[in-house]
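Asks: Curious how this folds, go ahead:
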Amino acid sequence: MLKLYGLNSTFALETDYHSMDFGHLLQILSRRKWLILSAMLASAGIVFYLIGKKPERYKANIIMATGIVNYKGFNSNGDDAFVQQFQIENAFSNLIDFAQSRSSFKLLSLYMLQHDLNAEKGTNTDWPFRKPDLSIYGSSIQEDAEKLRVELGKIKLDSISDPAFSPELDYLIDRVSRTYGYDHDAIGRSLTVKRKGTTDYLSIEFVTENAKLSQYIANAYVNLFMNYYQNLSVREKRKNVQFYRQLAAEKKAVVDTIKNRRYAYLYKKGLPALGKQSEELVTQIGDLELQKQKAESKRLSSAEAVGKIQQYIDTRGNMDAGETRARVVDKYNVADLNAKVRTLTEKSTATGGKDAKLEAELAGARHSLDMALQSSAGNLGKSNKNEDSRRTKEDLFKEKVQADMDRIEAEKSIGTLESEIRQRTDKLSVYVTNDEIATGLSSDQENADEEFKKVNDELINANLALANAENPLHVIENAQLPEWPEPNRRTLLSIFAAIVVGTLSVLTLFGLAFLDNSIQSPEMFGRYTGGLPLLGYTPFIKMADLDFQRIFSTNGEMPQFSEYRENLRKMRNQLIAMNAKVFLFTSTRPQQGKTSTGYALANALAANHKKVLILDTNFKTPLPSELANPNTKHVGPVAKILRKHDLSDTFYPGSLVGVGQGLVMVVAHFGIHISPAEMLPPDQFKSFLDELGEHFDYIFLEAAALNQFSDAQELIPFADKVVAVFNANAVLNSRDKTSLDYLKGLGSKYGGSILAGVDSKNMAK
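Replies: This next block holds a predicted model:
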């Protein structure tokens, strides 16, 4: 359950004791309605006046396409529509934030300062839109403005991609732009950037005090922003171009260096075509090797032919014509086979022995040649005794001589070929040594050329990407010159201000009422005290202004006391109806109005011709001495009774001036700091009160506060009824709760409560 705490309290009262009903809140509003209305009218008037004093404002609007939807090709009908929508909104948010960034505003500040400063200097035909506010930095700002004008002439705003300058220049820009009203805060107050519905467009609005300025600054801002956006978007592409251009230059330098080294080496060796000469030598050596093989084959075949022919000559002296013819056939057969072997040998040498078919054919030819030679040799061994045989022998001898000559020729040819091969091989070895360096340089040059070609291709691609870069931002509708100032909504804002102030006033009153834990009114008393019976209440009134003689004897006069008087009469009637003589007045805490309330009720009874004795039993706080008046007819009897009961040292008699002078008497004490039970024997004090009752209609006892002392509890047995006095401004706490429970426990002896000091606005009507 909700708990609310009073001041200086550790006890929480339950909601039932603290909550206030809606009717009470309406009463508060009803009582304060004129205050609320006054505040509303005052706020409306102030706003109406202030808006009327404000200068007119002109708005220029530009519509700019962003390309966010068109370039990305989003389609809200796709399966990922939510993701696409999020991406679109995020892209627009980023672009709007960038459009309102400090760097974007700074470019506009520089542009407008260039315009106005140059216009003041007369360097252009335009008029400056604004003059510097010298009240901010004084006349010294003019020198700063001139310095800044010179510096701004060196800056190209169209190509800038990072508006960051030196700290000195930035400081100068801030100072001057603030005096001209082109600083970041001023531009931010004048500029509005928002997406136009759900379209691809941005709406950019500028509101200034000058129609031409609004148009000019809006168009200038959009152009600067588009260039800035484009410069940032192609900045990486420009960096790529610069990087590849530098890298290509480095690779080209490497290629040129290697090429120059290679040419210098070849020139130094006198071999500008070293690779070609090496190839020619290799070809020549190959040809010589082939010729050597042919000569070697010829030498071998000739030597073998000479041997065979000689064998034929030695073994066969006489052969018949048939043998001679066979020998001749064999001769020609050997010659043919020998020629065939030479031809195949040459082909085998040319192919390097790698042709299997050719090698098989060559082996077969050699085998046939051997068989032919064997056959020819056999025929040569046969005798031939006829003339034809002799002629064949001569032919064989001639063939032998020819074969021997062929052998000798082949041997000489082999020697010559070996010498030439040796020379060319030595020369080639020198070429090969030199060619290794040249070949290495050539390889390096080829590698460098290849790297340069790749880098140059990347440079071409980067240049193409930069050249084809397109700005997605473009203006759909430029700013037009505003014809009319913006409506100031003077009346509407005044009404709105009144409503706001009225609402705040109501909420403030409700808050104060809710935070006010005091009893406040008779209605709240029952909730705070848990249903403690209420005898009556009195409005707040200054006791110094009271004259009970006039209050109760007036005939329609003193209307300011009428409510106070009537409430006292109502409580007087209730006291009379109780048929009690001794009333004990107490309270839960001190300073609640016990004395003044008892004094007022005593005078009210006196006005009804009742004799009342006020016996001050609040020993902790005695009555002021000026209230005691010894000139009363009851002083003598009361003094006698005091002496009789041996209380003359404790109390002294007097009177209170009021209605029916002499009907209200007071018995005060000298100040005793002990409890009544310790000072007054019960029987003696009871007898004392009974005897006083024979002379007075009512006896009012006043006791100390229940929260602090036990005096009231000790005096209650001597009273017929107990009346507790509460102050409307009091806040009940835990100690009050204990005292309230005690009062409830008195049952029928509790005569009721009196709520004193109630604000007349909180009293029931």
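
Asks: Correct me if wrong: Ala719 contacts Leu584.
Replies: Yes - under the criterion of C-beta atoms under 8 Å, Ala719 is in contact with Leu584, at a separation of 3.6 Å. All C-beta atoms are positioned from the backbone trio N, CA, C, and that covers glycine.

Asks: Between these two, which contacts overlap?
Replies: Listed as contacting both Ala719 and Leu584 by C-beta atoms under 8 Å, 6 or more residues apart in numbering are Leu701.

Asks: Show me the shaky parts of the stretch 301-450 of the chain.
Replies: 310, 312-332, 375-394, 396, 400, 424, 426-439, 441 (pLDDT under 70).

Asks: the strands in it, which residues?
Replies: Taking DSSP state E, counting those that start in this stretch, the stretch 301-450 of the chain contains no strands at all.

Asks: cool, the chain as well?
Replies: Counting by DSSP state E, one finds strands in the chain at the ranges 3-5, 12-14, 58-65, 191-195, 201-208, 474-477, 534-539, 582-586, 612-616, 651-655, 664-669, 698-702, 721-727, 750-758.

Asks: Rebuild those as a markdown table, extending it with distance to Ile28, mean pLDDT and mean neighbour count.
Replies: A markdown table is the format used below for these (distance: least, C-beta to C-beta, whole Å; pLDDT from 0 to 100; neighbours: other C-beta atoms under 10 Å):
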| stretch | distance to Ile28 | mean pLDDT | mean neighbour count |
| --- | --- | --- | --- |
| strand 3-5 | 18 | 32 | 13 |
| strand 12-14 | 20 | 37 | 18 |
| strand 58-65 | 45 | 92 | 20 |
| strand 191-195 | 42 | 93 | 17 |
| strand 201-208 | 43 | 92 | 21 |
| strand 474-477 | 56 | 88 | 13 |
| strand 534-539 | 17 | 88 | 21 |
| strand 582-586 | 31 | 94 | 25 |
| strand 612-616 | 37 | 88 | 25 |
| strand 651-655 | 44 | 71 | 22 |
| strand 664-669 | 39 | 82 | 24 |
| strand 698-702 | 34 | 92 | 25 |
| strand 721-727 | 20 | 93 | 25 |
| strand 750-758 | 14 | 89 | 23 |
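
Asks: Looking at those, which is nearest to Ile576?
Replies: Each of these was checked against Ile576 via C-beta to C-beta, and the shortest separation belongs to strand 698-702, namely 8.9 Å.

Asks: Which other helices and strands does that closest one contact?
Replies: Contact here means 3 or more C-beta pairs under 8 Å, 6 or more residues apart in numbering; DSSP states H and E; on that basis strand 698-702 packs against strand 582-586, helix 594-607, strand 612-616, helix 682-693.

Asks: Show me what the first one pairs with in its sheet, parallel or antiparallel.
Replies: The strands beside strand 582-586 in its sheet (DSSP bridges) come out as strand 698-702 (parallel), strand 721-727 (parallel).

Asks: what angle do the last one and strand 750-758 make?
Replies: Strand 721-727 runs at 20 degrees relative to strand 750-758, counting by axes from the mean of the first three to the mean of the last three C-alpha atoms, to 10 degrees.

Asks: I'd guessed Asp404 sits against Val306; true?
Replies: Yes - contact status for Asp404 versus Val306: in contact at 4.8 Å, counting by C-beta under 8 Å.

Asks: Check the gap between Ser301 and Leu701 for me.
Replies: Look at Ser301 and Leu701: by C-beta to C-beta, to the nearest Å, they are 171 Å apart.

Asks: Likewise for Lys308?
Replies: Counting by C-beta to C-beta, the separation of Lys308 from Leu701 is 179 Å.

Asks: and if you look at His115?
Replies: 93 Å.

Asks: cool, and Asn94?
Replies: In this structure, Asn94 and Leu701 are 84 Å apart, going by C-beta to C-beta.

Asks: Might you calculate how far stretch 744-753 sits from the centre of the chain?
Replies: Computed by C-alpha atoms, centre = their mean, to the nearest Å, the chain-centroid distance of stretch 744-753 equals 67 Å.

Asks: Take it, keep the C-alpha atoms, and write them as PDB.
Replies: What follows is the C-alpha trace of stretch 744-753 in PDB, where atoms were taken according to Å, rounded to 0.1, in the frame of the first residue of the first chain:
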ATOM      1  CA  LYS A 744      -9.900   7.000  19.900                       C
ATOM      2  CA  GLY A 745      -9.500   4.700  22.900                       C
ATOM      3  CA  LEU A 746     -11.300   7.200  25.200                       C
ATOM      4  CA  GLY A 747     -14.600   6.200  23.700                       C
ATOM      5  CA  SER A 748     -17.600   8.300  24.900                       C
ATOM      6  CA  LYS A 749     -15.400  10.400  27.000                       C
ATOM      7  CA  TYR A 750     -14.000  12.000  24.000                       C
ATOM      8  CA  GLY A 751     -16.100  15.100  23.300                       C
ATOM      9  CA  GLY A 752     -14.600  15.800  19.800                       C
ATOM     10  CA  SER A 753     -11.900  17.600  17.900                       C
END
